[in-house]
Each structure stands twice: as structure tokens, then as C-alpha cells.
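# Fold the stuff below for me.
(one chain, ligands or ions: 1)
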Amino acid sequence: MNARLFSFLGGDTGPWRVTRSSAIVGKPLGAVARVDVVSGAVAANAAGWSLRGITSNERYVLREEKNELLSKQQGLGRAEATCAALIPLRKNAAWWALTQDERRAIFEAQSHHTQIGMRYLPAIARKLHHCRDLSEDEPFDFLTWFEFAPAHEPAFDQLLAALRATREWQYVEREVDLRLVRES
Ligand code: HEM
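Numbers count the residues shown, from 1 in each chain. I've put the predicted structure just below:
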């Protein structure tokens, strides 16, 4: 089994209780009570959905950005980080038709994604999963996962508002924002 492959299972079990699920762009996800995050490819049970994604090498960060991220960011699973967000995203065909240098220019030079995100470290911990290369018919290109303490939810909302106003987000054709609290 590939250790970088994860399934996000929406259903009625798992430590994360769904507090809100909003379709920001495009179709919503089916309503579920809880989310479980498990290793490997796991099928949905009858009541819910399963989204699969794989962690990967970085595509856009430059060495100095990477060093700054490494010096500031914290990992998942902190005791105080009882809130999470699962935000699956799909970008449109125009984005995928660009070359790597064109995408990097939009992502950072024009949209300042890393620079904006860096201001919210270490409060927000993050993990990015890619779906696009798993199969032809994955519903999303990315599954993004964030963990933070309840006191930092307003900051997280501010971060999202800043990113959603960027040129990069003009290429987003589907985005669902699920908020969760850990209850184990
Ligand atoms: C917590 C602060 C954040 C930081 C420091 C951050 C940083 C980064 C970095 C450095 C990358 C590029 C990785 C690479 O080189 O391949 C990236 C990619 C990405 N981030 Fe963020 N990010 C943050 C928050 C967010 C938020 C709130 C979202 C919204 C859902 C988001 C969505 C994404 C997506 C979808 C990608 C992949 C973009 C692509 O490959 O086209 N990030 N982020």
C-alpha cells in the first residue's frame, strides 16, 4: 500500500464531527455527520462519500520559502487543535492548460498564496493531498486539510477570504468548505 494515499470518509463514524458544510463554488457534498481520515483507498459506506488523495512533492515553493515554512509551521495532531477544515477543490481546464512557470506566476507573483498563508503560521497546521493523478474521474484535484485551536477560527476565515479574492481562485470551479470538531 502507498503510505502517501489517504481517504477522507464522510459518514456516521470517525473522530471529526461536521459542524458546517458549505458549497463555495459548484456542487455541494452529501450531508454527513462525521468524517474519518484513514490510510489507503477505502470505499464509502452506504450512507456517505469517500474522497482520496495523495501527498506529494512540492510544485511551487522556492528554497527560501521552503526554509521559512519549515521554521514556522507545525504538524497535525496538536492537542489544542480541536477544530479542522476539509476543503476539497477543483481547478478548471484553463489552469491545467498553463505551463508550470505560468501557474507559479499566478500562484505566487500575482496571488501571493505562500506569502499570505505564512502570516497564519504556526496557528494553522496544513496538509495538501493531490487527487488529479489517481484516476480519470476524481471529483476534486486537491483535498486540503487544516487544524487549529477554536480561538483561531476567525483568523482561518480571514485567511480564506484573502485567498478566495486572488487571481488563483478565479480558476477554482468547485470548492466545498467543511468545518469539523474533534470528539474522540
Ligand atoms: C495555512 C496557511 C497556508 C500556507 C502557509 C499555504 C502554503 C502553500 C504552499 C507553500 C503551497 C505550494 C506547495 C507546492 O509547492 O506544491 C500551497 C498549495 C496549495 N494550497 Fe495552500 N497554504 C495555506 C493555506 C491554504 C488554504 C486556506 C487553502 C484553501 C483551501 C489552500 C489551498 C492550497 C491548494 C489547493 C494548493 C495547491 C495549489 C496547486 O497546486 O495548484 N492553502 N499552499
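
# Contact residues of the protein facing the ligand?
Where the chain comes near the ligand, counting by C-beta under 6 Å from any ligand atom, the residues are 58-61, 87, 89, 113-114, 117-118, 120-121, 124, 126, 128, 142, 144, 159-160, 163. In short, each C-beta sits where N, CA and C put it, glycine included.

# which strands and helices sit next to the lengthiest helix in the chain?
Ranked by residue count under DSSP state H, the longest helix found in the chain is helix 153-164. Using 3 or more C-beta pairs under 8 Å, 6 or more residues apart in numbering; DSSP states H and E as the contact criterion, the secondary-structure elements in contact with helix 153-164 are strand 83-91, helix 113-118, strand 142-148.

# Contacts only, for whatever residue of the chain ends up closest to the ligand.
Closest contact between the chain and the ligand, by C-beta to the nearest ligand atom, is at residue 117 (2.4 Å). Going by C-beta atoms under 8 Å, 6 or more residues apart in numbering, residue 117 touches 124, 126, 159, 163.

# Closest one of the residues you listed to residue 50?
The nearest member of the contacts of residue 117 to residue 50, counting by C-beta to C-beta, is residue 126 at 21.4 Å.

# now the closest one, what's its secondary structure?
strand (DSSP: H, G, I helix; E, B strand; the rest coil).

# these two touch, right, it and residue 144?
Yes - in this structure, residue 126 sits in contact with residue 144. The criterion is C-beta atoms under 8 Å, and the distance is 6.9 Å.

# can you give me the strands in the protein?
The residue ranges that make up the strands of the chain, judged by DSSP state E, are 5-11, 16-25, 34-39, 49-54, 83-91, 125-130, 142-148, 172-182.

# average pLDDT across the fourth one?
It refers to strand 49-54. Per-residue confidence for strand 49-54 averages out to 97 on the pLDDT scale.

# any chance of the helices and strands packed on helix 153-164 in JSON lines, with mean pLDDT too?
As requested, those are exported to JSON lines (pLDDT from 0 to 100):
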{"stretch": "strand 83-91", "mean pLDDT": "98"}
{"stretch": "helix 113-118", "mean pLDDT": "98"}
{"stretch": "strand 142-148", "mean pLDDT": "98"}
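
# Between those, which one is closest to residue 65.
Across those, closest to residue 65 is helix 113-118 (C-beta to C-beta), at 5.2 Å.

# how about the closest one: buried residues?
Across helix 113-118, burial judged by 16 or more other C-beta atoms under 10 Å covers 113, 114, 116, 117.

# And the residues you listed, which two are furthest apart?
Taking C-beta to C-beta as the measure, the buried residues of helix 113-118 span a maximum distance of 7.4 Å, between 114 and 116.
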